[in-house]
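Build me a model from this:
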Amino acid sequence: MPSLKNFAITYDDLHNYGIFSEGDTVTGKVTLELEKQTKIESLSVKLKGDVKVHWTEQHGEDSHTYSANRRLFKEKHFLITQETKDTRLPAGVHIFKFSIGIPLGNMPSSFRGGSGKVVYKLEARLCRSWRFDRTDEKEICFRTKAFPNINRMNFQQVGSTNKEVGIFNKGTVQMDVTVDRRGYVPGDSVLINAKINNSSSKDATPKFSFIQDVEYRVKGNTKHDKLVICREYRECVKPQTLKEHTFSLTIPPDTPLSIQNCDILSVEYRIKASLDISFSFNPEIVFPVVLFWDSPHTAGGAIGGPSTSDFPAPVSFVSPYSSATSATSQYPASAAMYAGAPSMCSVPEQINAYGYPFSSSSSASVLHPPPPATLLHPPSSGQAHSQFSSTPPTYNTLEVENDHFAPLPSGVSVPSAPMMTENFLSQTDEEPPSYEILFPSSNGSNPRPK
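Below you'll find the predicted structure:
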């Protein structure tokens, strides 16, 4: 009879909407159900991000395959270390909690395309003697907040085109289009205003499309995929007619974000406004746009209003997010974790901190919490005093090294700038004194020679 009945990893939805970003902490548990007492060599949890590109092209009778991989990051924590000897778990259900921090950095958002993908995964691995390793993994949704020039995303875009219709001078068609912004969040509505002046003898039908362009790159070879996310036709403009259209084009909420920070895969978006004219080349205007992520807790969006988000802003751009930690997170991230230090479960030598409270009952559920935060890098008394001193410095003290303050010597005061109460250049209308009055001669009688 096999000793392992169930092995699974689950994670907690951050803020109840299941999206993670830079600096967030992924918490969850590994459930291990045993039919009998089992010797465990190691139990680990790994969080990783990878970019993979792969496609095949046919050139005559030959086919060429192009592939590339990029490892974004990997964080591995041991719940039961390999150094622990004779770790035996009794029959029953054992739950191991974990907490892993996503490192800060400029990483692309999750994406799956026809020839490539950006994937972030949690993986639990159980190693036993004389048994194949047992693994279970879950994919998490990652959306980056690191977009450059995010404050310029609310600028309008204006475009115009003028085209002659027909070969035998049958008139012209002019179209002026305004798009309300440059950047959007999935689920937003794009406000479009179009003015069409049809001075030709043909009908012109306005068409507006939201298009996704994906490019895959491997050693100088590229592959392009184009996908029309949504499209809308407006009322036909008859010959010798001037018409204006104002409407909204809604972006689907599940549309992937733009990817501009990966060397082997990029995702870009554009809005194309065109006129369908029979037997003629269709005039068109193209507006590049960016899809970025805005937390659902942000009031009014990243562009339109103040922020109440629970996410810290990365250094690479001015973000609407604040630095508060969510109360719904079971294991709040510490300052050491954001600085790159190990998280609460990343100290293998402290294996006794887990306790392993084995139960004699075969149906018991044993909870194995992570080690307490006090096991990690406790601050010294001097550091704690300098960082958390409640007595602020006063103006009559002098700052010296090690954040200590010494009083100024007696009789020494802090100088202050003089108060200018009036314009000293206009204090009097009298003429300035003459040279003789200021500098009299040595004998007192001879005036200055002229």
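
what's the spacing between the residue lying closest to V165 once chain neighbours are set aside and T255?
Of all residues not flanking V165 in the chain, S200 sits nearest, at 3.9 Å (C-beta to C-beta, 6 or more residues apart in numbering). The C-beta positions use only the backbone N, C-alpha and C, and glycine is treated the same way. In this view, S200 and T255 are 36 Å apart by C-beta to C-beta, to the nearest Å.

L126 too?
Distance of L126 to T255, computed by C-beta to C-beta: 38 Å.

how about N151, secondary structure?
When classified by DSSP: H, G, I helix; E, B strand; the rest coil, N151 comes out as helix.

What is the neighbour count of it?
Using other C-beta atoms under 10 Å, N151 has 14 other residues around it.

quick thing: my sequence starts at 400, can you match it?
Noted, 400 is the first residue going forward, which turns the last one into N550.

For I479, list each beta-bridge partner.
Beta-bridge pairing for I479 (DSSP bridges): L442.

ok, N660 - how many residues close by?
If we define neighbours as other C-beta under 10 Å, then N660 has 16 of them.

list the contacts for it?
505-507, 543, 545 (C-beta atoms under 8 Å, 6 or more residues apart in numbering).

From D693, how far off is I494?
35 Å.

Please apply the same query to N592.
Distance, N592 to D693, by C-beta to C-beta: 24 Å.

Identify the residue nearest C635 in space, chain neighbours excluded?
T604 (4.7 Å).

does the one you found belong to a helix or a strand, and which?
Element membership of T604 [criterion: DSSP states H and E] is strand 604-617.

unless I'm mixing things up, the residue nearest to C635 is touching Y632, no?
Yes: contact criterion C-beta atoms under 8 Å: T604 and Y632 qualify, at 6.2 Å.

These two: which is more packed in?
T604 (16 against 11).

Let me see the contact set for the more buried one.
T604 is in contact with 632-633, 635-636, 674-676, counting by C-beta under 8 Å, 6+ apart.

do you know how far T464 is from Q556?
From T464 to Q556 the distance is 40 Å (C-beta to C-beta).

no, scratch that, I was asking about A603
As judged by C-beta to C-beta, A603 and Q556 stand 22 Å apart.

What are the boundaries of the helices in the chain?
Secondary structure of the chain (DSSP state H): helices located at 700-703, 734-737, 780-787, 834-837.

need the least confident one among those helices, by mean pLDDT.
Least confident of the helices of the chain, judged by mean pLDDT, is helix 734-737 with a mean of 32.

Could you identify the pair within the contacts of N660 that is furthest apart?
Farthest pair in the contacts of N660 (C-beta to C-beta) is P507 and A545. Separation: 9.6 Å.

ok, and the closest non-adjacent residue to F546?
Here the residue nearest F546, using C-beta to C-beta, 6+ apart, is F691, at 4.7 Å.

Let me know whether that neighbour touches V584 as I believe.
Yes: between F691 and V584 there is a contact at 6.6 Å, judged by C-beta under 8 Å.

higher neighbour count, A603 and Q556?
Legend: neighbour count by other C-beta under 10 Å for A603 and Q556, higher for A603 (27 against 16).

I'd like the distance from the more buried one to K642, if you could.
As for A603, its distance to K642 is 9 Å (criterion: C-beta to C-beta).

Can you work out which residues contact both of these two?
With C-beta under 8 Å, 6+ apart as the test, A603 and K642 both reach 595, 597, 636.

Among those residues, which ones are in strands?
Within those, residues falling in strands by DSSP state E are 595, 597.

so what are the domain limits for the protein?
403-547+724-774, 553-690 (automatic domain parsing).

Compare the mean pLDDT across the ones you listed and name the weakest.
Among these, domain 403-547+724-774 carries the lowest mean pLDDT (a mean of 77).

could you check the distance from A672 over to A603?
Distance, A672 to A603, by C-beta to C-beta: 12 Å.

quick one on the thing from earlier: could the contacts of N660 go into TSV alongside neighbour count and distance to R616?
Shown next, in TSV, are the contacts of N660 (neighbours: other C-beta atoms under 10 Å; distance: C-beta to C-beta, whole Å):
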residue	neighbour count	distance to R616
N505	18	18
M506	21	17
P507	25	13
T543	23	19
A545	23	21
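
Kindly indicate which of the residues you listed lies nearest D662.
Distances from D662 to the contacts of N660, taken by C-beta to C-beta, are shortest for P507, at 10.2 Å.

The closest one: what's it in contact with?
So P507 contacts 450, 471, 517, 543, 658, 660-661, 664 (C-beta under 8 Å, 6+ apart).

Compare those and tell me which is most surrounded.
Of the contacts of P507, with other C-beta under 10 Å as the count, V517 tops at 26 neighbours.
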